[in-house]
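S.K.: Give the three-dimensional model of this entry:
(one chain, ligands or ions: 2)
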Amino acid sequence: MTATTVGRPLTIEEYAPLARARLPEATWHYFEGGAGTESTVEANRAAFRRVRIRPRVLSDVSHCDTSTTILGEPASAPLGVAPMAYHELACEEGEVATVRAAGELRVPTVVGIFASRSFERIAEHATGPVWLQLYWLHRRGVLERVVRRAEDAGFRALVLTVDTPRLGRRLREARHGFHLPPHITAPNLDGEVTGFLHEHEDGSSALSRHADAFIDPSLNWSDLDWLRSRTRLPIVLKGVLSAADAARAADLGVDALIVSNHGGRQLDGASATLDALPDVVRAVAGRCPVFLDGGVRGGTDVLKALAAGARAVFVGRPVLWGLAAAGEAGARDVLTLLRDELEDAMALAGCPSLDSLTPDLLDRGAAAVAPAASYDESPEGRR
Ligand SMILES: Cc1cc2nc3c(=O)[nH]c(=O)nc-3n(C[C@H](O)[C@H](O)[C@H](O)COP(=O)(O)O)c2cc1C
Ligand SMILES: O=C(O)C(=O)c1ccccc1
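M.R.: Ligands and ions are numbered 1, 2, ... in the order given. Just a heads-up that it's a prediction; the model follows:
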């Protein structure tokens, strides 16, 4: 089915072609692309399509409440903006537009350490909670300074990305010769940004060379103590898919986890996040909230993730689509559509509160979230 857009987009996905029409081709492919064959990008969406809902009935849905708390702060919906580098690629105001849009809905924005606006300027415009995403920088002194600046500017949490010891093989970036235009910089890594940033060489991604120059792949469990000793902010680990890692993180007292495969941009072949979620939730056993990102494109996706145990979900690319299509108003509309669709899905699923989103709402309970059983070749299986 082809969607025709008359006036304002009616779905989040209708923002994608609007964004594409306004972006340089290489930037579009940088946003959309994943690693390798992009099988994990597809898997994130396929998992949401595969899992189906068994609505409840007769449960008085005259008032459906999407409001919640996220790391203790009130939010109008269980949503947030996932960290993404260089929002200025999508619109001129960059991260300032994003935090204003998210603030209107009172949902958190995770600002990337590779943001294209200074933390201070972003914080000045923020009307909702802002968190800071960190990569483990080679230069520990720079990392420490970044953390201090974010604390001073009023950021509320640190999100350490742990799925990126190096950037994944983003073939579209290389094929389309993606590089940052000269006016876009990473002001929070002042003076640290090397020349790779704006260069393009055939066959390799300028972005991955510049990221790899910053990111220290030696990051390991013992480093978490260092971060803990340098901040009072909650620490969130982003990019956990394994139950064993989740249990270890919870043992160490992290404040939250984000089940994420970086939107399929890191390990091609990594699990879909909705498939990994139930095992992670079980392993954490209530010790901290578990969030999810990757492939959330509508209210029923949010409902499915929450029923499978997520406390909230984060959205990546759709926010960039909104920014590219219509700046702050576009990003706000994308988040508003998600919230409205969630409210609608709750009503039709017979769930007036987020607390009523439990695994039994999904076909075969949380087991439905595991990949479909493979064909059983045994004689018993064929009977
Ligand atoms: C253009 C782009 C840039 C990103 N940059 C970062 C980043 O700097 N740090 C990070 O932790 N994740 C980054 N991500 C991953 C997102 O935080 C998130 O995990 C992913 O986009 C979620 O999937 P979705 O786009 O399907 O919603 C980026 C994603 C995109 C699309
Ligand atoms: O593009 C990304 O996914 C990403 O994580 C990143 C990391 C460093 C610099 C720019 C983008």
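S.K.: So which bits of the stretch 101-250 of the chain are right by ligand 1?
M.R.: Residues of the stretch 101-250 of the chain lying close to ligand 1 (C-beta under 6 Å from any ligand atom) are 112, 114, 133, 161, 238. To be clear about C-beta, it is placed using only N, CA and C from the backbone, and glycine gets the same treatment.
S.K.: Could you look up the SS state of the third one?
M.R.: Following DSSP: H, G, I helix; E, B strand; the rest coil, Gln133 is assigned to strand.
S.K.: go on, Glu13?
M.R.: At Glu13, secondary structure determined by three-state DSSP is helix.
S.K.: how about the helices in the stretch 251-383 of the chain?
M.R.: Taking DSSP state H, counting those that start in this stretch as the test, the helices found in the stretch 251-383 of the chain are 273-284, 299-307, 317-348, 379-382.
S.K.: ok so, going back, widest-spaced pair of the residues of the stretch 101-250 of the chain next to ligand 1?
M.R.: The span of these, defined through C-beta to C-beta, is set by Phe114 and Lys238 at 14.1 Å.
S.K.: what residues are up against the residue of the chain found nearest ligand 1?
M.R.: Nearest residue of the chain to ligand 1 (C-beta to the nearest ligand atom) works out as Gly316 at 2.3 Å. Neighbour list for Gly316: 81-82, 84, 263, 293-294 [criterion: C-beta atoms under 8 Å, 6 or more residues apart in numbering].
S.K.: For the stretch 1-150 of the chain, give the residue positioned nearest to ligand 2.
M.R.: Counting by C-beta to the nearest ligand atom, the stretch 1-150 of the chain gets nearest to ligand 2 through Ala85 (3.5 Å).
S.K.: show me the contacts for that residue.
M.R.: 112, 114-116, 186.
S.K.: May I see the residues you listed arranged in a markdown table, with pLDDT as well?
M.R.: Below are the contacts of Ala85 laid out as a markdown table (pLDDT from 0 to 100):
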| residue | pLDDT |
| --- | --- |
| Gly112 | 98 |
| Phe114 | 97 |
| Ala115 | 98 |
| Ser116 | 97 |
| Ala186 | 93 |
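S.K.: Which of those ranks first by neighbour count?
M.R.: Ala115 (26 neighbours; other C-beta atoms under 10 Å).
S.K.: Just say helix, strand or coil for that residue.
M.R.: coil.
S.K.: isn't it right next to Ile184, touching?
M.R.: No. If you go by C-beta atoms under 8 Å, Ala115 and Ile184 don't touch, sitting 10.7 Å apart.
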